[in-house]
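Engineer: got a predicted model here, sequence first, then my questions.
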Amino acid sequence: MQARVFETHTRVRYAETDATGIVYYANYLVYFELGRVDMFRQVGLPYDRRLPIAESHCRYLASAAFDDPLRIETFLEEMRHRSFRLGSRIFLEPEDGARSTLVAEGWVVMVTVDQDNRPISLPPSFRNAFAAMG
């Protein structure tokens, strides 16, 4: 079964571009975060400082520029005892009805930690929400 895919829509802001007018590469990780936060909100999970990023990866496939409409897809790839991996894909969504273009894809691994920043088991609320996602 394919995991549920959550969609978030945004536009490239001028501040997210570099001197050449395209999205600065590090901002794709910011877009991944935008999608994650939206996904967490949709499934009713908290998103706070007790969910640090342990790993991240981004593969760049095309460019986006100022004011381009983007669709961010976020989905659960893997759930472990103390961590989980969320996948992300970012598409350029032309407004003229043309075909979407995949501009970046990647993932992050997040770890659940206690108040002393020690890894802990995923809380039941996370396991239940992730299980419901497929």
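Structural biologist: Structure's in. What do you need?

Engineer: need the longest helix for the protein.
Structural biologist: For the chain, the helix with the greatest residue count under DSSP state H is helix 27-43.

Engineer: what angle do the lowest-mean-pLDDT helix or strand in the chain and helix 27-43 make?
Structural biologist: Here the helix or strand of the chain ranked lowest by mean pLDDT, DSSP states H and E is helix 124-133, holding a mean of 92. Interaxial angle of helix 124-133 relative to helix 27-43 (axes from the mean of the first three to the mean of the last three C-alpha atoms, to 10 degrees): 100 degrees.

Engineer: buried stuff in helix 124-133?
Structural biologist: Within helix 124-133, the residues scored as buried using 16 or more other C-beta atoms under 10 Å are 126, 129-130, 133. In this view, the C-beta of every residue, glycine as well, is placed from N, C-alpha and C.

Engineer: partner strands of the following helix or strand past the longest helix of the chain, with direction?
Structural biologist: Following helix 27-43 in sequence order, the next helix or strand is strand 53-60 (DSSP states H and E). Using DSSP bridges, the strands paired with strand 53-60 are strand 101-111 (antiparallel).

Engineer: ok, the residue most central in space within the chain to T20 distance?
Structural biologist: Most central in the chain under C-alpha atoms, centre = their mean is F32, positioned 3.1 Å from the mean C-alpha point. Remark: distance between F32 and T20 (C-beta to C-beta, to the nearest Å) = 22 Å.

Engineer: pretty sure Y28 is touching R59, no?
Structural biologist: No: using C-beta atoms under 8 Å, Y28 is not in contact with R59, being 9.4 Å away.

Engineer: what touches both of the two?
Structural biologist: Jointly contacting Y28 and R59 under the rule C-beta atoms under 8 Å, 6 or more residues apart in numbering are 104, 106.

Engineer: the two: who's more crowded?
Structural biologist: Between Y28 and R59, counted using other C-beta atoms under 10 Å, the more crowded position is Y28 (23 against 11).
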